[in-house]
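Trainee: Give the three-dimensional model of this entry:
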Amino acid sequence: MATIRQMQANQQNSQKSTGPKTPEGKAVSSRNRLSHGFASSATIMPGENPQEFIALLDDFTAEYQPATVTEQILIEKMATHQWLTLRAFRLQGEAFARQSISGENGLPKDLSLLIRYHVSAERAFHKAHNDLVKTQKERKKSEIGFEPQQAAQPPEPPAPEPKQSPDPLADTTCEYKIVPEFTYLTPQKAAKAAVFTQAA
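Mentor: Presented below is the predicted three-dimensional model:
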């Protein structure tokens, strides 16, 4: 934690430098983050034609016909990221041109950074494009009152229980009843029983 004397010294030092005061100095400092223009909030860099960006945006708008604010924002993102992709590609070419003019061997120093910006802008373009296509598809479904088929179908009945195979010993079991011999046997049955026991 800073002491009271350190805080007072910081306050006095902050009065010595308050940034550029002239309009020219302010204009220069406003472009501090425009070394490549990829970390800047400005879409158009010095040396780029704003009409080309507007033409790119108009082409995307004519192709995708945005019907909502969200769709328009996604189209603007697509145009911006395509613009950054083209910028990265152009700056890569310029880096190679400077390298060959200066006669230096090897690859340009900032080539890996430019390639990373290039790839990042392409990914962001494809994400915005996929989001736009998905958003438009959902909007069109809701306009025609589309309901997914799964919601309209009744739930499937539960699967029938598997049939159990019959017990092979079930038919071979027999019941033994002890009955009084003379009470229930007719003479014919008694004769048959006698024959059966003699044969056994």
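Trainee: ok, residue 74 - how many residues close by?
Mentor: 24 (other C-beta atoms under 10 Å). C-beta coordinates here come from the backbone N, C-alpha and C atoms, glycine included.
Trainee: cool, residue 61 as well?
Mentor: Residues near residue 61, counting by other C-beta under 10 Å, number 16.
Trainee: Okay, and it sits in which element?
Mentor: helix 50-64 (DSSP states H and E).
Trainee: again with residue 70
Mentor: helix 69-102.
Trainee: Next: residue 129.
Mentor: Counting by DSSP H and E, residue 129 is part of helix 111-143.
Trainee: just to revisit the earlier point, need the contact partners of the helix holding residue 61.
Mentor: Outside helix 50-64, the residues that touch it by C-beta atoms under 8 Å, 6 or more residues apart in numbering are 43, 44, 71, 72, 75, 76, 78, 79, 82, 83, 132, 136.
Trainee: Export the residues you listed as JSON lines, with columns for neighbour count and pLDDT.
Mentor: Converted to JSON lines, those look like this (neighbours: other C-beta atoms under 10 Å; pLDDT from 0 to 100):
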{"residue": "43", "neighbour count": "16", "pLDDT": "78"}
{"residue": "44", "neighbour count": "16", "pLDDT": "82"}
{"residue": "71", "neighbour count": "18", "pLDDT": "93"}
{"residue": "72", "neighbour count": "15", "pLDDT": "93"}
{"residue": "75", "neighbour count": "21", "pLDDT": "93"}
{"residue": "76", "neighbour count": "16", "pLDDT": "92"}
{"residue": "78", "neighbour count": "24", "pLDDT": "95"}
{"residue": "79", "neighbour count": "22", "pLDDT": "93"}
{"residue": "82", "neighbour count": "21", "pLDDT": "94"}
{"residue": "83", "neighbour count": "21", "pLDDT": "92"}
{"residue": "132", "neighbour count": "21", "pLDDT": "96"}
{"residue": "136", "neighbour count": "18", "pLDDT": "94"}
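Trainee: sorry, back to before: now the helix holding residue 70 and helix 111-143, what's the angle there?
Mentor: Counting by axes from the mean of the first three to the mean of the last three C-alpha atoms, to 10 degrees, helix 69-102 lies at 160 degrees to helix 111-143.
Trainee: and helix 69-102, which residues are buried?
Mentor: 71, 74-89, 91-92, 95, 99 (16 or more other C-beta atoms under 10 Å).
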